[in-house]
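Asks: curious how this folds, go ahead:
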Amino acid sequence: PDSASVPMSSSTSSFEQDPLILYSKTLHDYTLKLWTESRRVAEEKAKRKLARMEEEARKQSRNSSPTQRPHRP
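Replies: Model (predicted):
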C-alpha cells in the first residue's frame, strides 16, 4: 500500500499523535507565549521611560525659562 491510498485524516492524526511532535509544538507555543509577554513588558517599560524623560525635559525647560527679571542697579 502506497501513501496515496492512506486517507489524509488518519495520516494527519497519527502524525499529530507523535509524542516528539506534540512536545515540539507545546514547547514552541510556550516559548512564543513567553517571548510575546516579554516583548509586551519591554515595550511598556520603554514607554514609561520615555514618558518620564519627556516629563523631566518639561520640568527642565520650565526651570530654565526666565521667570524672574535680572536685577538692575
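Asks: can you count the residues close to Arg52?
Replies: Residue crowding around Arg52 was assessed by other Cβ atoms under 10 Å; the count is 10. Where C-beta positions appear, they are placed from N, C-alpha and C, glycine not excepted.
Asks: show the pLDDT at it.
Replies: Reported pLDDT at Arg52 in the predicted model: 95.
Asks: quick one: which helix or strand includes Ala52?
Replies: Ala isn't right for residue 52; it's Arg. If you go by DSSP states H and E, Arg52 is part of helix 19-64.
Asks: where in this structure is pLDDT low?
Replies: 1-16, 65-73 (pLDDT under 70).
Asks: how many neighbours does Lys45 have?
Replies: Lys45, neighbours per other Cβ under 10 Å, totals 10.
Asks: go on, Leu32?
Replies: Using other Cβ under 10 Å, Leu32 has 10 neighbouring residues.
Asks: with the one 5 residues further on instead?
Replies: Counted with other Cβ under 10 Å, the burial measure for Glu37 works out to 10 neighbours.
Asks: contacting residues for it?
Replies: Listed by Cβ atoms under 8 Å, 6 or more residues apart in numbering, the contact set of Glu37 is empty.
Asks: distance of it relative to Met53?
Replies: 25 Å (Cβ to Cβ, to the nearest Å).
Asks: go on, Gln17?
Replies: As judged by Cβ to Cβ, Gln17 and Met53 stand 53 Å apart.
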